[in-house]
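Asks: Okay, predicted coordinates and the sequence, questions at the end:
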Amino acid sequence: MEQFKTYALMTGLTLLFIWFGGMIAGQTGMIIAFIAAAGMNFYAYYYSDTQILKHYHAIPVDHDHATGLYKIVERLTQRANLPMPALYIIPEAQPNAFATGRNYEHAAVAVTEGLLDLMTEEEIEAVIAHELSHIKHYDMLIGTVTATIAGAIAMLAQFGMFFGGGDRNRPNPIVMIALMLIMPLAASIIQMTVSRNREFMADEGSAKMTGHPEWLQSALAKLDSYARGTAMHDADPQTAHMFIINPFTGKDVSFKQLFSTHPSTEQRIERLEALK
């Protein structure tokens, strides 16, 4: 069922992109958008995990190099009935973590050095359980595809004026201008909504997997606090939604919350409180 939901969302976003291409440049635009969407989805499906791990200089580790972390992940994967993911450590002081990969067999969990240094074992377990929940529900692929398509729609809107063709089926110029303004906003809202909902689901999954919602509550409070005072040097807005806590938390201001990739830490802690 989770795979079906993932592919259904990917298909829906792709069709939205193709439709928008048609609105801007008629049949030619639809063809160009279809080819672009196919290429982007192919790349996102097979190579996005490698790219993000490389971007953050993630170092692969095994049982011998990170025994404590490995044992935590091994214990949780057995509990969740998941294959053991590849493990990585990111040389960053900000405590954070993310999961990536296209399916159970090609999944990876990456944690920062700051997370391992600043969190208790129980808090680390709660964070890992959160990331494994993302893997369980294919959230990594959904997040990658929604971000890719949202970015592509914004790009298509920017360059829409350069698409040629006099297709009589296209809307009038006023409608086209409105679409170019509205569609990137709509795509971004879809991306943020999906990301926020998935964070709530992963928090709940962590609480169920560990049996201790308070562990994640404590971890989230620490993550939020340290993120406000410790910058992540290689942080990229295009991948912010993948982390358990927004790496740009310290730069957020209230009016930006509409476009935040994460629900507020207060909301997440409150929802976990209801699970006790």
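Replies: That came through fine.

Asks: For residue 139, grab the count of nearby residues.
Replies: Other residues lying near residue 139 total 25 when counted by other Cβ atoms under 10 Å. Glycine gets a C-beta too; all of them are placed from N, C-alpha and C.

Asks: so how far is residue 15 from the residue lying closest to it once chain neighbours are set aside?
Replies: Setting aside the residues directly before and after it, residue 139 is nearest to residue 198 in space (Cβ to Cβ, 6 or more residues apart in numbering), at 4.6 Å. Residue 198 sits 21 Å away from residue 15, going by Cβ to Cβ, to the nearest Å.

Asks: Enumerate every residue touching the residue nearest to the spatial centre of the chain.
Replies: For the chain, the residue nearest the mean C-alpha position is residue 242 (3.3 Å; Cα atoms, centre = their mean). Listed by Cβ atoms under 8 Å, 6 or more residues apart in numbering, the contact set of residue 242 reads 52, 98-100, 140, 143-144.

Asks: re earlier: next, work out how far apart the residue nearest to residue 139 and residue 51 are.
Replies: Separation of residue 198 from residue 51 (Cβ to Cβ): 20 Å.

Asks: all strands for this protein, in order.
Replies: Under the criterion DSSP state E, the chain carries strands at the ranges 59-61, 86-90, 97-101, 107-112.

Asks: list the contacts for residue 76?
Replies: Residue 76 sits next to 125, 128-129, 132, 209-210 when contact means Cβ under 8 Å, 6+ apart.

Asks: what do you get for residue 30?
Replies: 18-19, 21-22.

Asks: when you check these against the helices, which ones overlap?
Replies: Where those overlap with helices, as defined by DSSP state H, the overlap consists of 18-19, 21-22.

Asks: Neighbours of residue 207, how many?
Replies: Other residues near residue 207 come to 24 when the count uses other Cβ under 10 Å.
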